[in-house]
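Participant: What follows is a protein structure lacking sequence information:
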């Protein structure tokens, strides 16, 4: 058994948000995907062990689990909304994730505050570990996430998918994550085209506290509005992770959304475990 | 007496010299083997261990008939194994992720691929290799999709049962560097769904070639056909609804090129990418009631055990419209078995 570093995922964007919107032109996504594949396959080889954890808090990382390694995240926030995600390392090259989350918010009336939407989510991440192609190379992952079930909301046929390319580098005291995310969503028959948004995250490991990690990230997620259609809003998160056991870590985090005031921020606690055979 | 002692001494020395000049026995004589240490049937002294011949040596001698130096007869009474050893060389899979390869299953090998995806698709593909030159399979697919109008979201028709037969030539069989080539035909059973009767068929010719130990390429062409006919009842005296076929739309709407790529950066892990096509029916569209949609898939195949592979990845059913929402995450398990091959070998 081994311990995981961190997790989480998601992002949002506000209603009527227009700043920084980069709609993908027709055919751009396949070209970008193929380019990312070619780059990744070219450098794909086994390298030294990377840190673990598929997310900082919301933003994805480029860390991949080793072959046959499984990790799990269980979380709950102060509104009693739960999350559970299980990941499995596929051959040291990829990871498949399956779980349920409430990171996406949805509403039927713009005057009301959007409420969490329970969604089944699955993801597939394919990448290369750091230092694989050359010394100093960051870890790179191309991932796709999609929803496959929705419960507990009146909104009709909510769906959300995103494809991201993220790079991560462990610099010792600091771990940096940066990437770009293409997000698309639909609700009540209204669909938004894929839009590009940045991803970023940082982790600090103070040498005097070897079991503790401070982290922060920014990511984007759709907010599903039955009348206005899907819109993107950012999510900003900060937190602390404590490696309580070699195979388990607990983290406490706060996440703010673009469409919410600071008082409406979400406080959450999450447990991460990793098992290797 | 002194003369006799001299003869004895000379005999001993001569025998010793001859014995030392004999080649080392291939293997220590098994217990109970009368020809081992006691000598062979001709009465010649059996070779004995020498300082240069430690017990347990595994050096093998094929015997004088095969160019070796010693004759090591086998025990005629030793129990014979009724189970022939089966050559279990690594299997080249008949599919990348959704497209066929130019490789066939070895004779007698059973193959079963079972998949789930986030689009609600559940599929199973079961095949058997025939004589190293052909392959037969029954499968259910979730790739065939339907929609009522062009504005609707395409939905899978499933289960959609197909049967397939492929024949071909192994890689490097005819000449060095020759790619594996297969000619395959897949045909569906008639499917009634939402008051519509549909069928599909696909003829494929594909070549696959290993480029070194870690990379393989696949390229091929497919000739598709499909039919659509309404099940609606018509008043007596009127003709039934006309059947619409893909071949009625012209050859250019039937022929498509597909391909795939495999890379094995790690010993038990492969990265797979392929681009294929799948038919889509639109029941109330004025034109293009039957269309072929491009489908891009990528993923990883991980060899958990020699008989078990796990594959997972992403499939975008209509990559042409860059619609991320249709992307499906899939997971599938592939079993391969030499049991039938072993059984056949044991009968020979």
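Facilitator: Okay, I see it. Predicted model only: the values in this text are computed from it and were never measured. Residues are numbered from 1 along each chain as shown, chains lettered A, B, ... in the order given.
Participant: part of a strand, is residue B:344?
Facilitator: No - checked against DSSP: H, G, I helix; E, B strand; the rest coil, residue B:344 lies outside a strand; its state is helix.
Participant: Quick check: it touching residue B:110?
Facilitator: No - with contact defined as CB atoms under 8 Å, residue B:344 and residue B:110 do not form a contacting pair (11.6 Å). Backbone N, C-alpha and C define where each C-beta goes, glycine included.
Participant: quick one: which of the two has more around it?
Facilitator: Taking other CB atoms under 10 Å in any protein chain shown, residue B:344 and residue B:110 do not tie; residue B:110 has more neighbours (17 against 14).
Participant: how about the nearest residue to the residue in chain B that chain A sits nearest to, chain neighbours excluded?
Facilitator: Distances between chain B and chain A by CB to the nearest CB are smallest at residue B:269, namely 2.8 Å. Closest residue in space to residue B:269, ignoring its immediate chain neighbours: residue A:91 at 2.8 Å, by CB to CB, 6 or more residues apart in numbering or on different chains.
Participant: Report the contact partners of that neighbour.
Facilitator: A:67, B:266, B:268-270, B:300-303 (CB atoms under 8 Å, 6 or more residues apart in numbering or on different chains).
Participant: Kindly recompute the last result at 6 Å.
Facilitator: By CB atoms under 6 Å, 6 or more residues apart in numbering or on different chains, the residues touching residue A:91 are A:67, B:269, B:300, B:302.
Participant: Likewise for residue A:217?
Facilitator: Contacts of residue A:217 (CB under 6 Å, 6+ apart): A:56-59, A:201, A:237.
Participant: Identify the bridge partners of it.
Facilitator: Per DSSP bridges, the residues bridged to residue A:217 are residue A:201, residue A:237.
Participant: ok now stretch B:92-110, how far from the chain's centre?
Facilitator: Its chain's C-alpha centre and that of stretch B:92-110 lie 4 Å apart, by CA atoms, centre = their mean, to the nearest Å.
Participant: Could you list the buried residues of that stretch?
Facilitator: B:92-110 (16 or more other CB atoms under 10 Å in any protein chain shown).
Participant: hmm, back to that, which residues pair with the residue of chain B closest to chain A across the strands?
Facilitator: Beta-bridge partners of residue B:269, as defined by DSSP bridges: residue B:266, residue B:302.
Participant: Give me the below-cutoff pLDDT ranges for chain B.
Facilitator: Residues of chain B meeting the criterion pLDDT under 70: B:1-7, B:9, B:11-74, B:79-86, B:234, B:237.
Participant: low-confidence ranges in chain A?
Facilitator: Looking at chain A by pLDDT under 70, you get A:1-49, A:110, A:150-153, A:277.
Participant: phi, psi of the closest residue to chain B within it?
Facilitator: Per CB to the nearest CB, residue A:91 is where chain A lies closest to chain B, at 2.8 Å. Residue A:91 has phi and psi values of phi 70, psi 10 when expressed as degrees, to the nearest 10.
Participant: what separates it from residue A:67, distance-wise?
Facilitator: From residue A:91 across to residue A:67, the span is 5 Å (CB to CB, to the nearest Å).
Participant: Please enumerate the helices of the chain.
Facilitator: Went with chain A since none was named. Using DSSP state H, the helices of chain A run over A:28-43.
Participant: not quite, I wanted chain B
Facilitator: Secondary structure of chain B, counting by DSSP H: helices at B:2-21, B:339-347.
Participant: can you pull the contacts of the most centrally placed residue in chain B?
Facilitator: In chain B, the residue lying closest to the centroid (CA atoms, centre = their mean) is residue B:105, at 3.4 Å. Neighbouring residues of residue B:105 by CB under 6 Å, 6+ apart: B:94, B:111, B:129, B:135.
Participant: at 7 Å what do you get?
Facilitator: B:91, B:94, B:111, B:127-129, B:135 (CB atoms under 7 Å, 6 or more residues apart in numbering or on different chains).
Participant: which of those sit farthest apart?
Facilitator: The most widely separated members of these are B:91 and B:128, with 12.5 Å between them, by CB to CB.
Participant: Do you have the strands of the stretch 101-250 of chain A handy? List them.
Facilitator: Secondary structure of the stretch 101-250 of chain A, counting by DSSP state E, counting those that start in this stretch: strands at A:105-107, A:115-116, A:118-128, A:139-151, A:159-170, A:174-187, A:190-204, A:212-225, A:229-245, A:248-257.
Participant: ok, which residues in the stretch 51-200 of chain A are in contact with chain B?
Facilitator: A:67, A:90-94, A:96, A:122-124, A:126, A:144, A:146, A:148, A:159, A:161-163, A:182, A:184, A:186, A:191, A:194 (CB under 7 Å from any CB of the partner chain).
Participant: quick revisit: which of the contacts of residue A:217 ranks first by neighbour count?
Facilitator: residue A:56 (33 neighbours).
Participant: That one and residue A:215 touch, don't they?
Facilitator: Yes - applying CB atoms under 7 Å, one finds residue A:56 in contact with residue A:215, separated by 5.3 Å.
Participant: among the contacts of residue A:91, which two are most distant?
Facilitator: A:67 and B:300, at 10.0 Å, using CB to CB across those.
Participant: of those two, who's got more company?
Facilitator: Neighbour count, other CB under 10 Å: between residue A:67 and residue B:300, residue B:300 has more, with 25 against 21.
Participant: And the more buried one, how far from residue A:194?
Facilitator: Look at residue B:300 and residue A:194: by CB to CB, they are 24 Å apart.
Participant: Could you do residue A:265 as well?
Facilitator: Residue A:265 sits 28 Å away from residue A:194, going by CB to CB.
Participant: try residue B:225
Facilitator: Distance of residue B:225 to residue A:194, given as CB to CB: 34 Å.
Participant: ok, these two, which is more surrounded?
Facilitator: Applying other CB under 10 Å to residue B:225 and residue A:194 shows that residue A:194 carries more neighbours, namely 22 against 18.
Participant: Can you tell me how far the more buried one is from residue B:321?
Facilitator: Distance from residue A:194 to residue B:321, by CB to CB: 11 Å.
Participant: ok so, going back, which of the contacts of residue B:105 count as buried?
Facilitator: For the contacts of residue B:105, a burial check counting by 16+ other CB under 10 Å picks out B:91, B:94, B:111, B:127-129, B:135.
Participant: In TSV: those, plus distance to chain A.
Facilitator: Shown next, in TSV, are those (distance: CB to the nearest CB, whole Å):
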residue	distance to chain A
B:91	17
B:94	20
B:111	20
B:127	23
B:128	27
B:129	25
B:135	26
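Participant: okay if I get those residues as CSV plus distance to residue B:274?
Facilitator: Formatted as CSV, the buried ones among the contacts of residue B:105 follow (distance: CB to CB, whole Å):
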residue, distance to residue B:274
B:91, 18
B:94, 13
B:111, 17
B:127, 18
B:128, 23
B:129, 21
B:135, 18
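Participant: What is the burial count for residue B:189?
Facilitator: If you count neighbours by other CB under 10 Å, residue B:189 ends up with 12.
Participant: Just give the nearest non-adjacent residue to it, would you?
Facilitator: Among residues not flanking residue B:189 along the chain, residue B:161 sits closest, at 4.8 Å (CB to CB, 6+ apart).
Participant: what about the one you found, how many neighbours?
Facilitator: Counted with other CB under 10 Å, residue B:161 comes out at 14.
Participant: Likewise for residue A:111?
Facilitator: Residues lying near residue A:111 (other CB under 10 Å) number 5.
Participant: again, but for residue B:239
Facilitator: Going by other CB under 10 Å, the residues that sit close to residue B:239 add up to 6.
Participant: Show the contacting residues for it.
Facilitator: By CB under 7 Å, 6+ apart, the contact set of residue B:239 is empty.
Participant: now the one 4 residues further on
Facilitator: For residue B:243, the set of contacting residues under the criterion of CB under 7 Å, 6+ apart consists of B:227, B:229.
Participant: if I look at it, how far off is residue B:255?
Facilitator: Applying CB to CB, the value for residue B:243 to residue B:255 is 21 Å.
Participant: ok, now residue A:121?
Facilitator: From residue A:121 to residue B:255 the distance is 38 Å (CB to CB).
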